[in-house]
Structure formats: C-alpha cells, structure tokens
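S.K.: Just to be clear, the model below is a prediction. Sequence and coordinates:
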Amino acid sequence: MTRRKKTRSMADRVMIRTGRRKDYKQWRHENPDQVKSSDRYTRKKLKQRKAQAARKQERQENAPVLPLHPDQPEAT
C-alpha cells in the first residue's frame, strides 16, 4: 500500500464524492463554517506582513528628501 503525502491543503482533507475542483468550490461555498485557514498559516502570514511593513518603513526613513520643483525660481 502506498503512503499518502502529507499536506496542509484543505482541499485534500475534504472527502467529496467526485473529487473535482468545481465540487470543492461548491462545498466550500455551502459550508463556510468548516473552511478556515490553519493557525500556522495565519501566524506565518502575520509575521510576513509585519516584516514587510518594517522593511517599507526602513526604506522610507532612509530615502533622501527630493526637492519638489527644483527648476522654478523662488517667487516672493
């Protein structure tokens, strides 16, 4: 007997008769309470978003200040 590959995919855990993607989409639509991201995935994505925000903040803080209209003479 062959071993089944481990997966964290929700689609593989759902036993529906036909096994077609269209049927899974329909099942997911009909059963929203059973469909939820895993805690591991949610934590991973939260960590990624925080890291991305920190990198963006760092870039913005280190960016040089550009003059808005360097060619125009000062009108006073």
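M.R.: Nice, thanks for sending it over.
S.K.: show me where pLDDT drops low in the chain?
M.R.: The chain contains residues with pLDDT under 70 at 1-2, 4-20, 74-76.
S.K.: 90 instead, please
M.R.: 1-38, 65-76 (pLDDT under 90).
S.K.: mind checking the longest helix of it?
M.R.: Longest helix in the chain, counting residues (DSSP state H): helix 39-62.
S.K.: Show me which residues of that helix are buried.
M.R.: Of all the residues in helix 39-62, not one is buried under the rule 16 or more other Cβ atoms under 10 Å. C-beta: built from backbone N, CA, C; applies to glycine.
S.K.: So what's the gap between it and the chain middle?
M.R.: 11 Å (Cα atoms, centre = their mean, to the nearest Å).
S.K.: repeat for stretch 67-76
M.R.: Distance, stretch centre to chain centre, for stretch 67-76: 43 Å (Cα atoms, centre = their mean).
S.K.: Distance of the residue positioned nearest the centre of the chain relative to Pro73?
M.R.: Centrality entry for the chain: nearest residue to the mean C-alpha point is Lys45, 6.0 Å, by Cα atoms, centre = their mean. Distance, Lys45 to Pro73, by Cβ to Cβ, to the nearest Å: 51 Å.
S.K.: go on, Gln60?
M.R.: Distance of Gln60 to Pro73, given as Cβ to Cβ: 30 Å.
S.K.: what's the answer for Val35, then?
M.R.: Taking Cβ to Cβ, one finds Val35 at 63 Å from Pro73.
S.K.: list the contacts for Ala54?
M.R.: By Cβ atoms under 8 Å, 6 or more residues apart in numbering, the contact list for Ala54 is empty.
S.K.: got the CA coordinates for the longest helix of the chain in PDB?
M.R.: Output in PDB follows, covering the C-alpha atoms of helix 39-62 (Å, rounded to 0.1, in the frame of the first residue of the first chain):
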ATOM      1  CA  ASP A  39      -3.400  28.800  12.800                       C
ATOM      2  CA  ARG A  40       0.100  28.000  11.500                       C
ATOM      3  CA  TYR A  41      -0.700  29.700   8.100                       C
ATOM      4  CA  THR A  42      -2.300  32.700   9.800                       C
ATOM      5  CA  ARG A  43       0.700  33.200  12.100                       C
ATOM      6  CA  LYS A  44       3.100  32.800   9.200                       C
ATOM      7  CA  LYS A  45       1.300  35.400   7.100                       C
ATOM      8  CA  LEU A  46       1.100  37.900  10.000                       C
ATOM      9  CA  LYS A  47       4.800  37.600  10.500                       C
ATOM     10  CA  GLN A  48       5.400  38.100   6.800                       C
ATOM     11  CA  ARG A  49       3.200  41.200   6.800                       C
ATOM     12  CA  LYS A  50       5.000  42.700   9.800                       C
ATOM     13  CA  ALA A  51       8.400  42.100   8.300                       C
ATOM     14  CA  GLN A  52       7.300  43.700   5.000                       C
ATOM     15  CA  ALA A  53       5.900  46.700   6.800                       C
ATOM     16  CA  ALA A  54       9.200  47.100   8.800                       C
ATOM     17  CA  ARG A  55      11.200  46.900   5.500                       C
ATOM     18  CA  LYS A  56       9.000  49.500   3.900                       C
ATOM     19  CA  GLN A  57       9.300  51.800   7.000                       C
ATOM     20  CA  GLU A  58      13.100  51.400   6.900                       C
ATOM     21  CA  ARG A  59      13.200  52.300   3.200                       C
ATOM     22  CA  GLN A  60      11.000  55.400   3.700                       C
ATOM     23  CA  GLU A  61      13.100  56.600   6.600                       C
ATOM     24  CA  ASN A  62      16.400  56.200   4.700                       C
END
